[in-house]
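Enquirer: can't give you the sequence, but here's the structure:
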């Protein structure tokens with residue numbers, strides 16, 4: 001039987017990542033198992049960020065992966081594969097979809113989806129990844145102070161079945177995760193750069209209180225953003241070390 005089949009739907013949770021992590025401590029679930037919910041009251045983003053979602057309107061899920069084949073130093077490839085899977089899923093509905101480093105999904109200059117990946121390490125390898133995904137599907141009004149949210153329905157005017165869309169989304173993520181399993185790292189790197197928001201374009205960035213103009217020219221092996229400034233100086237930044245000016 002195909003292991004990527006199990007979906008556990010819950011009505012209301014604090015955070016799907018927290019619920020799945022707790023569930024896995026006492027239950028041995030196959031890779032690809034998903035916990036999803038209609039509403040989460042403490043949805044997690046990176047750091048202290050939260051995720052706004054109107055009840056029953058969006059995709060809110062966490063999926064377990066077991067990338068035991070992947071050394072710790074290559075962990076950003078998980079982020080690349082998952083974000084490519086989500087971008088590919090959205091591209092079947094709308095164009096102009098990009099991945100904003102490290103793994104937000106953007107339509108033009110607006111955020112469609114966010115990803116939070118929490119890895120567990122054993123020895124020198126990753127033995128488990130909990131992948132949390134919040135994707136704006138049917139919501140039409142956003143009330144939080146998030147600067148630039150957008151939903152697929154706002155773009156297409158269509159209403160979508162959450163259950164059906166989760167299955168489609170999972171299939172797209174699995175496609176790129178299988179490439180990762182097969183060791184096709186260069187192919188994933190290439191596809192990620194091709195889909196990267198503002199890649200090789202001159203834009204303004206902010207570091208601490210200073211702004212500067214630069215181009216995104218690459219991502220290093222640790223997942224750090226590589227920017228080439230106007231005077232051709234290469235700078236590298238970890239997550240939260242530099243801000244996009246949109």
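Expert: Cool, got the structure. None of the values given here were measured: they were computed from a predicted structure.

Enquirer: only C-alpha atoms for contact and neighbour calcs from this point on.
Expert: Fine.

Enquirer: which regions of the protein lie under the pLDDT threshold?
Expert: Low-confidence segments of the chain, defined by pLDDT under 70, are located at 1, 42-51.

Enquirer: Counting neighbours, what do you get for residue 135?
Expert: 25 (other CA atoms under 10 Å).

Enquirer: my read: it touches residue 56, true?
Expert: No: contact criterion CA atoms under 8 Å: residue 135 and residue 56 do not qualify, at 12.0 Å.

Enquirer: thought residue 220 was touching residue 227?
Expert: No: Residue 220 lies out of contact with residue 227 (CA under 8 Å); the separation is 10.6 Å.

Enquirer: Of the two, which one has the most company?
Expert: Set residue 220 next to residue 227 and count neighbours by other CA under 10 Å: residue 227 wins out with 23 against 13.

Enquirer: Which SSE is immediately downstream of the strand or helix carrying residue 179?
Expert: Per DSSP states H and E, residue 179 falls inside helix 162-181. With elements assigned by DSSP H and E, the helix or strand that comes after helix 162-181 is helix 185-194.

Enquirer: Parallel or antiparallel, which strands does the helix or strand following that next one pair with?
Expert: Toward the C-terminal end, the helix or strand that comes next after helix 185-194 (DSSP H and E) is strand 202-207. Strand 202-207 has the following sheet partners, assigned by DSSP bridges: strand 210-219 (antiparallel), strand 243-244 (antiparallel).

Enquirer: what does strand 202-207 contact?
Expert: When contacts are defined by CA atoms under 8 Å, 6 or more residues apart in numbering, strand 202-207 is touched by residues 211, 212, 213, 214, 215, 216, 241, 242, 243, 244, 245.

Enquirer: Got a PyMOL select line for the buried ones in those residues?
Expert: Buried members of these, defined by 16 or more other CA atoms under 10 Å, are picked up in PyMOL with:
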select buried, resi 213+214+215+216
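
Enquirer: Report the inter-axis angle for the helix holding residue 179 versus helix 185-194.
Expert: Helix 162-181 runs at 130 degrees relative to helix 185-194, counting by axes from the mean of the first three to the mean of the last three CA atoms, to 10 degrees.
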